[in-house]
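Participant: With the sequence up front, the predicted model follows.
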Amino acid sequence: MAKMLMDEPTIHVEVAYARAHEQKIIALKVKEGTTVLDAARASGIIDYFPEINLDEAKLGIFGKAVLKPGEQALREGERVEIYRPLIADPKEVRKRRAEQAKQKKSA
């Protein structure tokens, strides 16, 4: 693979993942045209976080979700982010807070 990278134009990208109290950002050099998903795989991030399932994980670039990570090519300097699944539905959490606030107000 090193020979292939020498013959083809390359770009520098990063792949990031974070747990609540631990994070990892891996810098790597990939050939131009590498997709978001391919970069995540090439980074070896699952060696550090084996719970990641790249086939199901939501991926993004600099905080913006990528709908088709297997098709979207990266550009120089971009950071691929691997998102953890949500623990609670944000709509339900807001609804509960609103109900609690309403009960406090009427009490």
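Facilitator: That came through, no problem.
Participant: ok so residue 53 is a strand residue?
Facilitator: No - with DSSP: H, G, I helix; E, B strand; the rest coil as the criterion, residue 53 is coil rather than part of a strand.
Participant: Neighbours of it, how many?
Facilitator: Residue 53: 10 surrounding residues under other CB atoms under 10 Å. (Glycine included, C-beta is placed from N, CA and C.)
Participant: Check residue 102 too.
Facilitator: 10.
Participant: Distance check, it against residue 95.
Facilitator: Taking CB to CB, to the nearest Å as the measure, residue 102 falls 11 Å from residue 95.
Participant: Please apply the same query to residue 22.
Facilitator: 31 Å.
Participant: Likewise for residue 51?
Facilitator: From residue 51 to residue 95 the distance is 29 Å (CB to CB).
Participant: What is the least confident helix or strand in this protein?
Facilitator: helix 2-7 (a mean of 55; mean pLDDT, DSSP states H and E).
Participant: immediately after that helix, which helix or strand?
Facilitator: Once the chain leaves helix 2-7, the next helix or strand it forms, by DSSP states H and E, is strand 10-18.
Participant: Using CSV, list the CA coordinates for that next one.
Facilitator: Listed next in CSV are the C-alpha coordinates belonging to strand 10-18 (Å, rounded to 0.1, in the frame of the first residue of the first chain):
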residue,chain,number,x,y,z
THR,A,10,-2.6,12.0,-1.2
ILE,A,11,-4.3,14.1,1.4
HIS,A,12,-4.0,14.4,5.1
VAL,A,13,-7.2,13.7,7.2
GLU,A,14,-8.1,12.9,10.8
VAL,A,15,-10.5,10.4,12.2
ALA,A,16,-12.0,11.1,15.7
TYR,A,17,-14.1,9.3,18.2
ALA,A,18,-15.0,10.1,21.8
